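[1] Structure here, sequence nowhere to be found:
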């Protein structure tokens, strides 16, 4: 036993001080929670973020846009039906200016051109046109002014009020009228107030009579001093008279008597302003439709698309959120019970949902419509969405409960004496909440989509009263698609944009809440 | 044997579900007030007697003074018995009440309306499946290259843009603006000629665009997962070319998931899309259904909702069962 000894000096041995002990250094970074992590990964997904912004913009538009327009869902004016979209910003360009490029034959062109000559409300934009080689005229027809003149019957009070308005605001609303027998012969044109010039009938059409210079010949109702002495009067006292009136002792008559008042010939654009400013007092200052109006070429309802679209969207959003909330509530309770108790309870409950979910949605809504067609359409829609909607939520909750109910912490809670209800809501349900809320949010676009389809098919009719929906607008647009494509354009773009954004947003959300994808995005 | 048992069990369950749904529908329909429409030139007595003969009402009588007709309603369960007996014994589903098909057997009208619906859906599947699969395969093979990105954008666009908007676009550009196709489907019953096919194409296109995107997305996801699995590495190591390995191994494996979805889509499209039929005026089942509910024609409603429900249920179980047949590794319903 040879032991080797080392000679280590005694002073080298020292007691370690507490402060010398090396501890783990504390992490400088903050801990990242589940939600925070999900949010961070969501933000990395550019597409999803853009989609979220678009959704936010659409929702804000739906909430606030209807407040900033003077029009309402109830507003309609068939004289301005099918008016094209116009934005004041683009007034001087050839885009979004409420005009449409058209190629007109000679007589149609003169008809439109003469309108502008008479009133200065140019039916042809800036009276600019181009004569093509084949004798046709190419020009931009202004859909706001092409209505031109209309004959309106009014009583004497209204007539004088309108004249007072003319003097006060210095605008010409009433224009000289035309004698009944001088109006166009063709029956479809007799009531057309835009023929203020001499016309003749050719076939079934009305064509203007032109003088040697190719200009139209005025056809106003005229009277002279002699007629006045005979007792003629048009009761026109306004100072506003058009050029050429009163020359050579010949005056133009501005009204023709009817049984209950007068018939006057007014410029509809100006009359519209008068009507809304003085009579209706609804804040509409002039016809100005950013997205145009429904209908086509002066037939149809002529609703303001901008107002209807965003009011409809607001209704759709609020409705979808309400339905989703109720679905989630009922689905969560049902799914929780089925998932937690399992066994026979689950089996029976599952059969019930099986049967319910196998009923096609179309049949549910049809049966509801047949049974309670008289009651509110919104209620009907609500019940239909509820009857089929909660099943999905119940399924999700049930799956989550199956996953968590046998975990150790639940066992621990039960051992400590927690009751079933406490375990369900305090211990298991919070786990399912994230998935539920996500799927709830993603149900909203599909609900808007279904509602659109139903409105389009006419099964649900939301167009009456003061509500409307995107689907109603699309249906209105499809019926005039060939002549007025703008009616379908805006609601379609809105719907497509909404669906696209929700899809991207949903994908982003799903990936963000799925921790197993962590790090794989690179 | 277990497979047979499983299939039987599923079919049995399906029939039960079907019976329950139809029973509920029947009861709900029979709870509604009876709509008696007497058209111009029809004898009210005959109309009431017909309803009586069909077992809907009894004791039909006309008050000699007021000339009003009175009747009693037959209990719903008795009506159900009569209804079922007629179906199973005579194949009689009732007669139409709505003016267009007045007094025609609803089954005959239904059969007459079936071909357009089925045809546009078959065309749409025939066009959609190869294009969809092709795009999906291409995207999976060129994953993360520009081709893949392009196809992805295409898929996302087509899936997200609602079919109603797609159909509007197709109708506006193809039918109105460029006048490539007629605006509505041709009338007549001669379905197999070029003109008829051409008039159906806008509807077929609107239907298949969505399913192309669906198939492409599915195929891309499945195939790119299979392509990275280890047996593919083995196949290449064995000396197979990339093409051989992809088509013989990867594609066949990914088909396990894709094929059932094609099958189910094929069955469920039989019920067609009402939107498309409505928009392109296809005289199909969807249009008939809409007309029937507007005219409150309950016999039609029962038949058509039975059809829709059945097709939906069938599509569901065909998917489940086909898994077992396509891939022997999957033992459906096994303990």
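    Good, I have the coordinates. This is a predicted model, so every value here is computed, not measured.

[2] Please make it C-alpha for all contacts and neighbour counts, starting now.
    Will do.

[3] what helix or strand is residue A:101 on?
    Following DSSP states H and E, one finds residue A:101 within strand A:99-104.

[4] no wait, residue A:71
    Using DSSP H and E, residue A:71 is not contained in any helix or strand.

[5] and it, how far is that from residue B:97?
    As judged by CA to CA, to the nearest Å, residue A:71 and residue B:97 stand 44 Å apart.

[6] centre of the chain versus stretch B:74-90, how much separation?
    27 Å (CA atoms, centre = their mean, to the nearest Å).

[7] Looking at residue A:151 now. What's its pLDDT?
    As predicted, residue A:151 sits at a pLDDT of 90.

[8] Residue A:231 too?
    Per the predicted model, pLDDT is 81 at residue A:231.

[9] mind checking which helix or strand it is in?
    In the assignment (DSSP H and E), residue A:231 maps to no helix and no strand.

[10] ok, now which ones touch residue B:215?
    B:129, B:132-133, B:136, B:258, B:262 (CA atoms under 8 Å, 6 or more residues apart in numbering or on different chains).

[11] I'd assumed it was in a strand, is it?
    No. Counting by DSSP: H, G, I helix; E, B strand; the rest coil, residue B:215 falls outside a strand, being helix.

[12] The strand holding residue A:101: what's the following helix or strand?
    Downstream of strand A:99-104 (by DSSP H and E), the next one is helix A:106-119.

[13] Need the residue closest to the centroid of chain A.
    residue A:309 (1.2 Å; CA atoms, centre = their mean).

[14] how about that residue, phi and psi?
    Main-chain torsions, residue A:309, degrees, to the nearest 10: phi -60, psi -50.

[15] Same check on residue B:61?
    According to degrees, to the nearest 10, residue B:61 has phi -140, psi 150.

[16] contacting residues for it?
    Applying CA under 8 Å, 6+ apart, the residues near residue B:61 are B:69-71.

[17] Out of the residues you listed, which is nearest to chain A?
    Proximity of the contacts of residue B:61 to chain A (CA to the nearest CA) peaks at residue B:71, which lies at 21.4 Å.

[18] sorry, back to before: present the contacts of residue B:61 as TSV; the columns should include distance to residue B:175 and secondary structure.
    Formatted as TSV, the contacts of residue B:61 follow (distance: CA to CA, whole Å; DSSP: H, G, I helix; E, B strand; the rest coil):
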residue	distance to residue B:175	secondary structure
B:69	51	strand
B:70	53	strand
B:71	52	strand
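
[19] In a markdown table, list those along with pLDDT, neighbour count and distance to residue A:305.
    Converted to a markdown table, the contacts of residue B:61 look like this (pLDDT from 0 to 100; neighbours: other CA atoms under 10 Å in any protein chain shown; distance: CA to CA, whole Å):
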| residue | pLDDT | neighbour count | distance to residue A:305 |
| --- | --- | --- | --- |
| B:69 | 82 | 13 | 49 |
| B:70 | 82 | 13 | 50 |
| B:71 | 84 | 14 | 50 |
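
[20] Any chance of TSV for the residues you listed, columns distance to residue B:223?
    Converted to TSV, those look like this (distance: CA to CA, whole Å):
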residue	distance to residue B:223
B:69	68
B:70	68
B:71	66
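
[21] re the thing from before, right, is the strand holding residue A:101 up against chain B?
    No. Shown here: strand A:99-104 not in contact with chain B (CA under 8 Å from any CA of the partner chain), separated by at least 14.6 Å.

[22] in that strand, what's buried?
    Neighbour-count burial for strand A:99-104 flags A:99-100, A:103-104 (criterion: 16 or more other CA atoms under 10 Å in any protein chain shown).

[23] Same question for stretch A:260-274.
    Neighbour-count burial for stretch A:260-274 [16+ other CA under 10 Å]: A:261-274.

[24] Check stretch A:395-412 too.
    Those would be A:395-402, A:404-405, A:410, for stretch A:395-412 by 16+ other CA under 10 Å.

[25] now swap in stretch A:377-396 and tell me
    Neighbour counts over stretch A:377-396 (16+ other CA under 10 Å) mark A:377, A:380-396 as buried.

[26] about what we covered before: please flag which of the buried residues of stretch A:395-412 sit within helices.
    Residues of the buried residues of stretch A:395-412 located in helices (DSSP state H): A:395-402, A:404, A:410.

[27] and which of these is nearest chain B?
    Out of those, the member with the shortest distance to chain B (by CA to the nearest CA) is residue A:395, at 16.7 Å.

[28] mind checking how far that closest one is from residue B:37?
    From residue A:395 to residue B:37 the distance is 45 Å (CA to CA).

[29] now residue B:47
    For residue B:47 relative to residue B:37 (CA to CA), the value is 8 Å.

[30] what is in contact with those two at once?
    Joint contacts of residue B:47 and residue B:37 (CA under 8 Å, 6+ apart) do not exist.

[31] can you count the residues close to the nearest residue to residue B:273 once chain neighbours are set aside?
    Spatial nearest neighbour of residue B:273, excluding adjacent residues (CA to CA, 6 or more residues apart in numbering or on different chains): residue B:286 at 6.7 Å. Neighbouring residues of residue B:286 were enumerated by other CA atoms under 10 Å in any protein chain shown; the total is 23.

[32] Can you show me the strands along the stretch 251-400 of chain A?
    Taking DSSP state E, counting those that start in this stretch, the strands of the stretch 251-400 of chain A run over residues A:255-258, A:261-267.

[33] Dump those strands to CSV, plus distance to residue A:368.
    CSV is the format used below for the strands of the stretch 251-400 of chain A (distance: least, CA to CA, whole Å):
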stretch, distance to residue A:368
strand A:255-258, 52
strand A:261-267, 49
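
[34] Of those, which is nearest chain B?
    Closest to chain B of the strands of the stretch 251-400 of chain A is strand A:261-267 (CA to the nearest CA; 33.8 Å).

[35] partners of the closest one in the sheet?
    Applying DSSP bridges, strand A:261-267 is found paired with strand A:149-154 (antiparallel), strand A:174-175 (antiparallel), strand A:255-258 (antiparallel).

[36] so how far is the longest one off the chain centroid?
    Yep, that's strand A:149-154 we're talking about. Relative to its parent chain, strand A:149-154 has a centroid offset of 32 Å by CA atoms, centre = their mean.

[37] Same question for the last one.
    With CA atoms, centre = their mean as the basis, strand A:255-258 stands 42 Å off its chain's centre.

[38] one step back: looking at the strands paired with strand A:261-267, which one is packed in the most?
    The highest mean neighbour count among the strands paired with strand A:261-267, using mean count of other CA atoms under 10 Å in any protein chain shown, belongs to strand A:174-175: a mean of 24.

[39] list the helices and strands the very next helix or strand once past that strand packs on?
    Once the chain leaves strand A:174-175, the next helix or strand it forms, by DSSP H and E, is strand A:199-202. Strand A:199-202 is packed against strand A:205-208, with contacts defined by 3 or more CA pairs under 8 Å, 6 or more residues apart in numbering or on different chains; DSSP states H and E.
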